[in-house]
Each structure stands twice: as C-alpha cells, then as structure tokens.
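K.L.:
3D model of this:
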Amino acid sequence: MRTLRALVAAALLCLAPAVSAHAAADLTYDFENGTTQGWGPRGGGVSVTVTSDAAHGGTSSLLTTGRTATWHGASIAAPFVRGVGYTVTAYARLVSGQPAGTIALTVQRTPAGGDTTYERVAAATVTDGGWTRLSGSYLFTAESADVQLYAESSDATGQFYLDDIVVTPLGDPTREPVSSDFEDGTAQDWAPRAAAVLQPGAEAAHAGSRSLAVTGRSASWDGPALNVLGRMAKGDKYALSVWVRLGPDATAGRLGLSIERRTGGTPSYERVVAPKDVPVGEWVQLSGTYTLAYDVEFLSVYVESDSGTFPFYLDDFSMKYIQPKPIQTDIPALKDEVPFVMGSALTRPDALGVHGELLARHFSGVTPGNELKWDATEPREGEFTFTDGDFLVDFATRHGMTIRGHTLAWHSQTPDWVFQNADKETLLRRLETHVRTLVTRYKGKIAAWDVVNEVVDENQPDGLRRSKWYEIAGLDFIRTAFRVAHEADPDAKLFINDYNTEFPRKREALYALVKRLKEEGVPIDGVGHQLHLNIEHPPASSVEATIERFATLGVDQQITELDVSIYTDFVSSYDTIPPELLVQQGHRYKELFDVFRRQAASLSSVTVWGESDDVSWLRSWPIPRLNAPLLFDDDLQAKPAYWGVVDPSRLAPTVHRLEAPAGTPKVDGRRDLEWDLLPDSPIARAGDVSAGFQARSSAKGLYVLAEVTDPTVGKGDQVTFTVDGTPYVVKRTGGPKAAVRPTATGYRIEALIGTGYAGPTPPATSSDVEVAVRDSAGASTSWTGKVTATPAVKLTSAAHRTPVLDGVVDRAWSAAPEIRTATWIQGTSGATANVRSLWSGSTLYVLAQVADPTLSEESPNPWEQDSVEIFVDPGNGKTKGYEDDDGQYRISFSGRITVGGTFDAGGVKDHVKAVAKTVPGGYVVEAAIDLPTITLAPGTLLGFDAQVNDATGPARTSAVTWNDNTGRSYLDTSHWGVLRLAQG
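P.N.:
From the prediction side, this is the model:
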C-alpha cells in the first residue's frame, strides 16, 4: 500500500504546476517542463499542446487549436477552494494571422441542487502582435461540483497561446489590499463601463513612470471600472484612494469615485467621493471610505465626472480594509445620562458591525437618514420599495429603540414625477397616497414622523418656502399631509421640522405658521429643530430662547438633526483638526445639553445627525473636507464632545479669545454707542444666571462691560474680573471705578480696570482675563480667555436721502460723510476709493469713487478684476461666518455684479442693483442694496465694509479695505466696520 501511495504522489507531482518563487502559495503554469501541467482540451476536436513557437516568459507556451465554438478552448480542474478568494492572471496571444478577438478566463461550476453556472474571471482584447495580460479575481461560496477554469475566445475558430498563468490564493480576500499602479504596462484589471478606451502609458504619472489614460468616453459615468466583487465583506469598512489628472486638451473638469452594486439584477450607485475640481496639470487625490451594506452579485468601483466626457488619467489606486477598533464598554451609555430619548440618524451601513454595536449601546432612538424619503420609497408612482426602510425599522425594533420617520413631504429628494402635469387636485392625491402608504406600513412601529420638512422661508413676506408643493397646492399640502398621517396612525406623533429655528426671523416665521395651523385644527403634535450649528455660533441662549418660545404653543419639541461643525465658515479646511478645537467643541456640547436638560419638560428627544464623525454628512457638505461634528470619532471612540454631554468635568479647560478694540466709553452704567458696535460675548447660563461680556482697550486701562441676567436681587450678587491674576470685584451695588445700573432682566456693570498702554495705538498684546458671575443663591458661571488689544472699530454714518442710480454723483451724496479705503490686505499701494452711504425705505445706497487709471477684467475670477466689494450685515452680528442675510456685493468697473454669502447667497443675490461708469483716472460705482430682513430707521447699526480690488492684466495685484485687516471679509463678518443710519 505504501508503494502505491508513493507512485500516486509522484504522478500527481508531475502534473502539479510549478510554484512561484515570489509567493509560495501561488500556483504558476509556465509550461517550461514540456507538459500541459494539467490543462486539456475543452470541446470536440480541440487540441492543447505545448509549443516553443511563442513564449511570454521562458521558451514555451500552451497552444490551443481545432476550435469550432466560442466556448471551446483549454481547461483545467480549477484549484479553487470554496470560501477562498483568488487572483488569476495569464498572458494570451493569437497565432499569427488570426484576427483580433476577446479571450476570457471563465469558471464553470455546478452548485449543489442548482444549474451549472459560468462566471467570467478576466477578459481582454488580444491580437497576434504581442502578449496581453488577463487578470481578475474569483471567489465562490456555494457548495459546488465540477469546478473548471477554462480559456475561451469570441472567435469560434481562433487559435491562441497561453502562458504564465498564475493563481494566487488570498486567504480572506476581503482583508487583502487591492492596488493598481500600471507600471507593468497593462490596465491591471480596469475595464471601461461603456465606450471608454483605457490605455496604460507613460504620458503622465503620479508616481513611477506610468498611468492609465482614459479617452473616448460616451457619458459622464463612462470611464474606468474595477471589479471588486468578493474583495469587500458586508458590514466592513474600506478606505479607497485614487489619483486623477485631466487629459490632453481638457481645460477643466470634476472627477469623483463611485460604487456600482447589483442585487437581484437591480443596479444601485453610491458616491464614495463627490466630484472634485481637478486643476489643469495637477494630480488630485480622491479618497474616502465605503461600507458594503448589502448582499451583492456585482460590485465595481469606478471614476466618473459630474458632467462632460473629457479625457483624464488615473494612477495609484488602493483599496484597504479598515480594522475597526472595539467600541468602549467602560464608559457610560449616553441614553442613561439624559432625561429624554437620545437618538441618532443612521443609514443601512451604520446598523452593521461595530457601528451597530455603538448604536445599540448608546442610543435609545434612531432616525433613518434617507431610507424613508420619497425618492427611496416611491421612486416611480405607485411603485413602493421598503427594503432599506424595513431593515432599519427592524434593527431599531430588535434593540427597543424609538423610531422617527423622516420625512413624508419635502422640497428636496422628491422625484420629478410627483410634480409633472400636476394640478392641485392631482398633487394632493399623490401626496395622500404616499403618506397613507408609508404611515400605515409602519403603524405601531414608528413613534414620530417629520410630516413636512423645511417649509419655512423667512425671507418671503408670508414666511413660506416657494417650493413646488407650495406653488401648486399652497398651505393645503401641509394640511393634507398632517391629516392623512393622523388618519393612518392616530398614535404617532406628527412633527413639522426645520433648520435655523434658533435665529429670530426663522423662529418667528415658523411660530406663526404652527400657531395658525393649530388654530385651524391641523393635528400638529410637535416642532422639530434641526440645529446644524458650529463651535461658535449661534449662542446656546438662542437655542434656549427658541425652545421657550414654542413651549407657549403647548407642542412637543424635539432636537432632530444636531451636529456641531468645527468650522465657522463654508470654505476653510484642515488637514488635521487642532486638538483645542475638539476641546472647544466639547464645551459647546456641554452648553447645549445644559439647555436641553433645563428644557426637558418641553423636549422629548434629542437626535444627533449620525453616530460618529466618519458617517457625518458634513464630510462632503458644503464642500469635501475633514470635519468632526459628532460625539464619537472616526474609530467610534468617545471624544471631548461625548464628555461634554456625559461628564464635563473630564474636559480640559477651554481658552476663549476676545478682541478689545481701542475705545473710551463713559463709565456710567448706561450702554452707549461704543458698546453697541460689537455684540456681547456670551457667558453660559448656570441656573438662572448668565451674562454677556465686552472689553475696550485704552491708555487708561481696560474698560469692561458685563450685561448680567439675574432676576433675583441678593447681597451676594457680583462679578469678578480677574486680569493677569489681579481680581476686581464689582457687586450689584457698585465698586471702585465702576458703575452699576439695574436692567429689565438683571444688572449692567461698566468698569475701568488694570493698566493701559502707552502711545496712540494699542500694542498687539494679550491679557489673561476671567469673568466670574455669581448670585446670592450660589449659582455661578464664568468666561476665561485671552483678551487682545486691537485698533478701534471704525464707525461712519449714512444720511437719509434717495439718490438717482445712474453712476453720476448727484447732490444727494453731499449729505453723506466720506470714508476712504486705506487698510491694505494685499500689496501696499494701488487703487483706492472714497465711499459714501445713504439710506431710504428698506434700501442702502453706496457710492464708491475709485482712483485707478488702468482697468482690467482679463481674469475669469471676478475678485481678480478691477472692482468694488460692499459688505453688509443687517444685524451687525460680527460672526465668524455669514448668516443668511449677510452679503458680499461685488461690482466691477464695467458694471458686472457678483454676490457672495451663505451657500449660494440665495437669500441676498437678488437684492442688489448697481451702475458703474468709467471716468478719467478711474471709475464710479453706485449701488442700491435692499435690506428686507430689518426695518431701517435712524440709529440702526449695520455691519459694513468696502474693498477695492486692483487688477493688472489677469491678476489681482492689490486689495484695500476700509476697516477689515484680516483678508477674510468674504468668509466672516467679525471684522467689518459699522455704519449708523442718520436722521437727515
């Protein structure tokens, strides 16, 4: 018996393929031993022989002849093991004189109890002029018989050579990295999605000497794709990265990275990286993460553009499995630390793996982020799909979570068919069908619905958004949605949900709408406040004021979409987030949850918009950038934000920063104009005590103002100002160099403390300052930070006149004082302007007389053309960012108008008219800016600044402002000057 076994083993050894030297687990068929190494004919009449007529490596290859059908070829019993992934590569070449054709490597197998299947592993166009690489990956998981690997050709009679066939087992293929660098001169398994032509070459390279050129695209989605089926596991997270560059003759373009997956033959498309600008001549990295949340039969990663079919290059692709960190089990569960439902938004991937574990441990409620919206549930009329919605509702139900349905009617993510050919009756019928279907399906499971979402526009006279819903059906779409939802599930709580409700204008517009609808009997149970905030603005007191306002209507309230961006504007971006910002964010969450706990009688739920930073929508909106707005980090570990909610004593101290402009207010307890130039810096509320704080620097010392909210008078009420270690105590009854006056909500302190500076202007030095407020009952709150002396805030005025808007300086302008742009933010000389302002009705008029003998609009960028920029903040908020009614109004010397502001400046872009005329030595700009969000009156203070851009040819060579010396006027309003409206 031993001899027989030895003979069998020897025979098998002769048939076994050679083992590659570079990886012991690789199986290599190189045919150098003169045998077919187990490969045989597939099909009658087919011949498979070893030949020395051609070879890719060495001296021999495998020749296949005698074929009469496309599936004829060379085959071998596949060395594949169920559940193990493999990469398969081979080189093919046609016999001389054969026409070009497609040669493919295919697997045939018969699953237990099923029909024989044929699965493509790799394919390429092959010619007789050289060797072509075939490469792909393969994995099967079902118990199968008769597993064969074979080579076939699209030419039924084509004769071809095969050589250097390598089968590499991957172990667990979902954990092995995938990469492409194209240095071997092949496309390395990338294939076109449609008509695109993929050609490796040396014309450009990110690293090394080669890349993949993509040309001949037929559509924006056409381009290079890589099959990654079997390389991702459901519930696992992967980091994907690729470098792209515009191709020849492409002058502009945006490229992104996407995933196509198919289940049951139905394709779905998901963004990994939203399209990014690719400047000419530059390589741009597209990088992001993706979690596979579905069982799939097809999975591909591809590069696409947002528009156009321009050529581009691709290089250095990588896909790597991200090993998750275990969630922390030694920290308190969020849901146990708050007196309301603690919720999180989620999508299907968030319910899997460690993300699902984090949700189950810390949250008592969930809101499906997209899965219940109209486009997800009824993409075509009457065709409802609930696969993802059911999955998330079932997940929440299994874990005993409260579910919020989001959202039944919204102006966004609603398919076009809903409004097509729709009169009011048709639209309301479609709405009723949709609402009744969804609410009925989840009756008894979904506790609360966002019935209508974002229907308020405070910039409209009636406060209502001019959506297609409103344009066709008026308020009846809101009435209908609530009525039908209540009929479908009388026990579900029905909410109206909106953003920016913490701002007074939006707050009052929504309040008026809810009050009206409730008086009509519309079954509104509650109001949802989204609260997409940032680390500085708006103050927590504004959030509290909103909750208290709506409490008077007797409605339930929920915080529905909370996150706190680390950015205060829509342009800035960090490569690495400074740790001090995360600490500041932690204190911000602490202040917010202090509000929520105080208002718990009016709040039934607080939902953060995502469980962890890695799944936040703020990673891609308003621009792709690193953001960290949530309670847990990318690794699902607790951040300072988490401790701000659970245990603020764990937070490191935060250091605020405040500017003290030069000034000499009168210390009399009266709030004079000097203080009104800037808003007070808020000091967080503790109990019933809170405050606002300001400072002014002078040669006499530091002037301070404290506006204290403390409704109960007591002997222990006091404010302690500590400057560079020296305390100054001012009681409610007064103090040295201080004046105190009662106010409607507490008291006001003005004081002069510390030492001043020598010379006419403040030095750029900082003082350590603490402001501690305490009341007799023991409640206390404080502000600690650096106070820096800065130049005075410039103030000018606008006369009450109405000029003629014609570019001619008429007599009306003589009543307005003149200011001059003299603060250089680029260069030290160049074009400047004398600027005047008038006002009438709701309109601000601005005149700029610019001295600039050489004018240019050559640059395609408006800020690099000769132009005047007018900055107006109707509320004089001095914020590190733009509010909806803040505007940057740019007028070029030729009269071209461009507008900047929040997002697309939608709230202000139609509010400006202007005329420009060239004159000897320069040009004149007259502008009229409508300010409908406030009532203009004598004494009104506007945030205001003016800037002159000076262009030489296609470049801006200098820029000068009136007040703001930061060069950030286009990003935030905090350093603008102030314009006061005068009587005459």
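
K.L.:
ranges for the helices of the stretch 701-850 of the chain?
P.N.:
In order along the chain, the stretch 701-850 of the chain carries no helices (DSSP state H, counting those that start in this stretch).

K.L.:
check the chain too.
P.N.:
2-15, 353-362, 374-377, 387-398, 424-441, 468-473, 476-488, 504-520, 540-551, 579-598, 640-646, 673-676 (DSSP state H).

K.L.:
most tightly packed of those?
P.N.:
The highest mean neighbour count among these, using mean count of other CB atoms under 10 Å, belongs to helix 640-646: a mean of 24. Any C-beta I mention is one placed from the backbone N, CA and C, and that applies to glycine too.

K.L.:
read off the pLDDT value for the nearest residue to residue 756 once chain neighbours are set aside.
P.N.:
Excluding the flanking residues, the one nearest residue 756 by CB to CB, 6 or more residues apart in numbering is residue 699, at 4.2 Å. Predicted confidence (pLDDT) for residue 699: 91.

K.L.:
burial count for residue 699?
P.N.:
Number of residues near residue 699 (other CB atoms under 10 Å) recorded here: 14.

K.L.:
where are the low-confidence patches of the stretch 751-900 of the chain?
P.N.:
For the stretch 751-900 of the chain, the stretches flagged by pLDDT under 70 are 757-762.

K.L.:
cool, the chain as well?
P.N.:
Counting by pLDDT under 70, the low-confidence segments of the chain come to 1-25, 757-762.

K.L.:
if we go to 50?
P.N.:
1-24 (pLDDT under 50).

K.L.:
nearest to residue 722, out of the helices of the chain?
P.N.:
Evaluated over the helices of the chain, closeness to residue 722 peaks at helix 579-598, with 19.2 Å, by CB to CB.

K.L.:
against residue 495, how distant is the residue lying closest to residue 499 once chain neighbours are set aside?
P.N.:
Computed as CB to CB, 6+ apart, the closest residue to residue 499 that is not its neighbour in sequence is residue 530, at 4.0 Å. Distance of residue 530 to residue 495, computed by CB to CB, to the nearest Å: 11 Å.

K.L.:
ok, now residue 696?
P.N.:
On the measure of CB to CB, residue 696 and residue 495 end up 45 Å apart.

K.L.:
the two: who's more crowded?
P.N.:
Neighbour totals were compared for residue 696 and residue 495, and residue 495 leads with 29 against 26 (other CB under 10 Å).

K.L.:
quick one: contacts for the nearest residue to residue 626 once chain neighbours are set aside?
P.N.:
Closest residue in space to residue 626, ignoring its immediate chain neighbours: residue 574 at 5.6 Å, by CB to CB, 6+ apart. By CB atoms under 8 Å, 6 or more residues apart in numbering, the contact list for residue 574 reads 566, 625, 626.

K.L.:
for the residue nearest to residue 782 when sequence neighbours are not counted, give the beta-bridge partners.
P.N.:
Ranked by CB to CB, 6+ apart and with sequence neighbours excluded, the top spatial neighbour of residue 782 is residue 772, at 4.3 Å. Residue 772 forms beta bridges with residue 720, residue 782, as assigned by DSSP bridges.

K.L.:
got the contact list for residue 772?
P.N.:
By CB under 8 Å, 6+ apart, residue 772 lies in contact with 719, 720, 722, 780, 781, 782.

K.L.:
buried subset of those?
P.N.:
719, 720, 722, 781, 782 (16 or more other CB atoms under 10 Å).

K.L.:
which of those sits closest to residue 795?
P.N.:
residue 719 (27.5 Å).

K.L.:
and the closest one, how far from residue 689?
P.N.:
Noted for residue 719: a distance of 10 Å to residue 689, by CB to CB.

K.L.:
shared neighbours of the two, which are they?
P.N.:
Here residue 719 and residue 689 share the contacting residues 708, 773, 774, scored by CB under 8 Å, 6+ apart.

K.L.:
can you tell me which residues contact the first one?
P.N.:
With contact taken as CB under 8 Å, 6+ apart, residue 708 is in contact with 689, 690, 691, 717, 719, 746, 747, 748, 749, 773.

K.L.:
number of nearby residues for the closest residue to residue 575 other than its chain neighbours?
P.N.:
Distances taken as CB to CB, 6+ apart place residue 626 nearest to residue 575, at 6.9 Å, with adjacent residues excluded. Neighbours of residue 626 under the rule other CB under 10 Å: 15.

K.L.:
quick one: residues contacting residue 626.
P.N.:
Taking CB under 8 Å, 6+ apart as the criterion, residue 626 is in contact with 573, 574, 575, 576, 577, 619.

K.L.:
how about the nearest residue to the fourth one, chain neighbours excluded?
P.N.:
What that stands for is residue 576. residue 626 (7.6 Å).

K.L.:
from residue 572, how far off is that neighbour?
P.N.:
11 Å.

K.L.:
and residue 982, by the same measure?
P.N.:
As judged by CB to CB, residue 982 and residue 572 stand 36 Å apart.

K.L.:
try residue 834
P.N.:
From residue 834 across to residue 572, the span is 33 Å (CB to CB).

K.L.:
which parts of stretch 965-975 are buried?
P.N.:
Here stretch 965-975 shows 968, 969, 970, 971, 972, 973, 974, 975 as buried, counting by 16+ other CB under 10 Å.
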